[in-house]
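**Student:** One predicted model, sequence on top.
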Amino acid sequence: MDLKSNHTAPVLTDPAPLSKSRLGVHSNLLPYSPPGAFSSDLLLNIPWKKTGILDDVRASSWLDAMKASSPRHRKMMKDSNNELAPNDFDAAYRAWMLKYPSALTSFEQIIKCAKGKRIALFLDYDGTLSPIVDNPDCAFMSDAMRAVVKKVAKYFPTAVISGRSRDKVYEFVGLTELYYAGSHGMDIMGPVRQSILDDHTDNITSTDQQGKEVNLFQPAREFLPMIDEVFKSLVENTKEIKGVNIENNKFCVSVHYRNVDEKSWQTVAQCVDDIMKHYPRLRLTHGRKVLEVRPVINWDKGKAVMFLLESLGLSNCNDVLPIYVGDDRTDEDAFKVLREGNRGYGILVSAVPKESKAFYSLRDPSEVMEFLKSFVIWKQSSAL
């Protein structure tokens, strides 16, 4: 298949050894980490600024970054006959679709490339399997979507990779047939393979809900006390801001400002900044009306995809076609891995034009469900 990429990005690593003075650890958090427990090749090489703002939010302004990650809804204009007519948005969206064609209308092309290959599906949760809602605790997937995902998992290895905690996303999905990766891939539950256990020191062998032996991979385990401390500080510092929601996703903390009046967004940003400047081992990323505090390690959803492929025995195989479906900035890491390695396809879920490393697009979770249904129908018909 022709998967040439025009996107390039360096892999960020930190070759320098760790030291207490270099890390600037707050509240004596370093002693809980046993010597050698934290792999230095997972560290990101990020400039150490006095402000402690460690993401691209720093390059512009907090407020601009928050607005940029929260696109406006499309607006319709009326023509001279007072009837709805397409506006500039529609023209821009049609042009955008030429670059990121619909995965539904391109399904035959995708299946053609999948001929003779084993398909592996990776799915984001919020905005992909469930709609974006005002209250993140109410982001329930429909019974129809759950039934389709269950059928897909019958035919293809299927994993959900979410920014939510692994326990939370499993609670939402409720399917034992899937593999789960929470906290942007920093908490992965997958099958046990001896090669994985030998190659990675951050593994724990456990049992799943059905009593089967599974592998838990948690490369940021030593950050747990720090993340918990930041969560408590954020809850305290933002308690006077109406509408803010602080979510502890185990290995990251999400600051939801979807229900905050836009006039108070700067206040939210300032509260986060006041805390972040004390934690140079943590960085800030932003998604759809959410700021996320994460460990400064070279690990993301893209690496989670590769780890799961390795766990499933599907890495370094020419007969495997991974497909990743997601809607947010954090999913771009997975799109990049699939595109740059000519490995598979990224599919962006978006109703507004935006730059992406994905190959295809879908408008919303309803189209995601139709896309997954198409795989089920294709697999069932090919088995006849």
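**Tutor:** In hand now; what should we look at? Numbers count the residues shown, from 1 in each chain.
**Student:** Could you use CA atoms for every contact and neighbour count after this?
**Tutor:** Fine.
**Student:** in the protein, which spans are helices?
**Tutor:** Per DSSP state H, the chain carries helices over the ranges 20-23, 62-68, 88-99, 107-114, 143-155, 166-173, 194-199, 224-237, 265-276, 301-311, 332-340, 365-382.
**Student:** and the gap between Glu240 and Arg258?
**Tutor:** Applying Cα to Cα, to the nearest Å, the value for Glu240 to Arg258 is 16 Å.
**Student:** more crowded one of these two?
**Tutor:** Using other Cα atoms under 10 Å, the more surrounded residue of Glu240 and Arg258 is Arg258, with 19 against 9.
**Student:** ok, the closest residue to the more buried one other than its chain neighbours - how many residues close by?
**Tutor:** With sequence-adjacent residues excluded and distances taken as Cα to Cα, 6 or more residues apart in numbering, Arg258 is closest to Lys289, at 5.3 Å. When neighbours are counted by other Cα under 10 Å, Lys289 registers 21.
**Student:** what about Val244, how many neighbours?
**Tutor:** Residues near Val244, counting by other Cα under 10 Å, number 21.
**Student:** low pLDDT regions in the stretch 101-250 of the chain?
**Tutor:** For the stretch 101-250 of the chain, the stretches flagged by pLDDT under 70 are 192-214.
**Student:** Could you rerun that using 90?
**Tutor:** Applying pLDDT under 90 to the stretch 101-250 of the chain flags the ranges 134, 136, 189-216.
**Student:** before we move on, what about the stretch 251-384 of the chain?
**Tutor:** Low-confidence segments of the stretch 251-384 of the chain, defined by pLDDT under 90, are located at 285-288, 311, 313, 315-318, 340-342, 381-384.
**Student:** 80 - rerun?
**Tutor:** Where the stretch 251-384 of the chain drops to pLDDT under 80, the residues are 341, 383-384.
**Student:** returning to what we had before: and the gap between the residue nearest to Arg258 and Ala334?
**Tutor:** 20 Å.
**Student:** Equivalent analysis for Phe217, please.
**Tutor:** For Phe217, the distance to Ala334 equals 18 Å [Cα to Cα].
**Student:** partner residues bridging Gly287?
**Tutor:** In this entry, Gly287 is beta-bridged to Val290, by DSSP bridges.
**Student:** How many residues are close by it?
**Tutor:** For Gly287, using other Cα under 10 Å, the count is 19.
**Student:** pretty sure Cys131 is in contact with Pro365, am I right?
**Tutor:** One correction, residue 131 is Pro, not Cys. Yes - if you go by Cα atoms under 8 Å, Pro131 and Pro365 touch, sitting 6.3 Å apart.
**Student:** That'll do, ta.
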